[in-house]
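Chemist: 3D, please:
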Amino acid sequence: MVDIKRYRQEFNEPHYFVNTSDKKVLFLRAWIPQEETDSAILIFHGITAHSGPYAMIGEALKRFGFAVYGLDLRGHGLSDGNRGDYPSKKRFIEDIGETISFIKSMHKRLLILGHSLGVMTAIYASNHFLEEIDGLILLSAARTMRPGIYAKISIFKKLKILFNSLFKPSKPVISYKREGMTGLNDPLYNFKYTLRFMRIFNLNEVRFPEHLGIPVLLGIGENDELFTIESARALFEEIPSKKKKFIILAGAKHAEFPPDSWKELIEWLNSTFK
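Modeler: Numbers count the residues shown, from 1 in each chain. The predicted model follows:
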């Protein structure tokens, strides 16, 4: 069992805490430029991960004058909560809203950057808090995966997951691993989840708001192992915004991004929000 409070106390890089209405602590890493800025970007991480690995993009965006924050979802990273779990969709949405309110108390303009599972978090945010959001950046996501990425779950395993979830809904019983995953040696990564968590993050049930007038960029790594460029473009076509752009991140994988891969994203930010 990882001692999250101890890790949090020992963390000495820039960060903030969001104290939620149900008295939990959500952890926000921060990459803040020296000069004050009205523009902030909030990063929602992918499944198994936390905000730490997003220093690569946090530092890059900081150099271009954006204040960047990375949220550890409840039950992830240095945030409070049962590991790999969310007590309800309602609480999940409340956590998003309270985090957005916290950042908007410091900055007038807010963009959301979602990566992988974080794309679904970003879509939830746009459905419930659109008036607080000025733009969306969606990376490494589509509705359909490449075939054979994850092994099929047997009927016995499905029944076991369902049984455990009925009687112990807070117990993580779903393993989430695949070949080539990052973070295997990071104690803050999660590789087991509850069924109620996974049900919140069902991309086939998460839809964009009908009226989405803000700028949206959707990007996919040139060498993404999970999603094809075509499947990502299909998700892009669903976005009901006239101010949208599709990019392919050169040399990038699903969760690995060479420094040069951010060039087109930063050009879009400069032309759209500067």
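
Chemist: hey, where'd the helices end up in this protein?
Modeler: 4-10, 55-63, 89-104, 117-128, 155-167, 195-200, 229-238, 263-273 (DSSP state H).

Chemist: List the buried residues in the second one.
Modeler: So that's helix 55-63. For helix 55-63, the neighbour count (16 or more other C-beta atoms under 10 Å) marks 57-58, 60-62 as buried. The C-beta positions use only the backbone N, C-alpha and C, and glycine is treated the same way.

Chemist: Going by distance to residue 122, which of the residues you listed wins?
Modeler: Using C-beta to C-beta, residue 57 comes nearest to residue 122 of the buried residues of helix 55-63, at 14.2 Å.

Chemist: on that earlier part again, go through the helices of the chain and name the closest to residue 31.
Modeler: helix 55-63 (3.7 Å).

Chemist: mean confidence for the closest one?
Modeler: Averaged over helix 55-63, pLDDT sits at 95.

Chemist: who's in contact with it?
Modeler: Defining contact as C-beta atoms under 8 Å, 6 or more residues apart in numbering, one finds that helix 55-63 is touched by 29, 31-33, 41, 43, 68, 70, 113, 257, 259, 262, 266, 269.

Chemist: Mind doing that once more with 6 Å?
Modeler: 31, 33, 41, 68, 257, 262 (C-beta atoms under 6 Å, 6 or more residues apart in numbering).

Chemist: now that helix against helix 263-273, angle please.
Modeler: Calculated by axes from the mean of the first three to the mean of the last three C-alpha atoms, to 10 degrees, helix 55-63 forms an angle of 40 degrees with helix 263-273.

Chemist: what would the contacts of helix 55-63 look like in a markdown table with neighbour count and pLDDT?
Modeler: As requested, the contacts of helix 55-63 are exported to a markdown table (neighbours: other C-beta atoms under 10 Å; pLDDT from 0 to 100):
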| residue | neighbour count | pLDDT |
| --- | --- | --- |
| 31 | 23 | 98 |
| 33 | 15 | 96 |
| 41 | 25 | 98 |
| 68 | 26 | 98 |
| 257 | 23 | 95 |
| 262 | 20 | 94 |
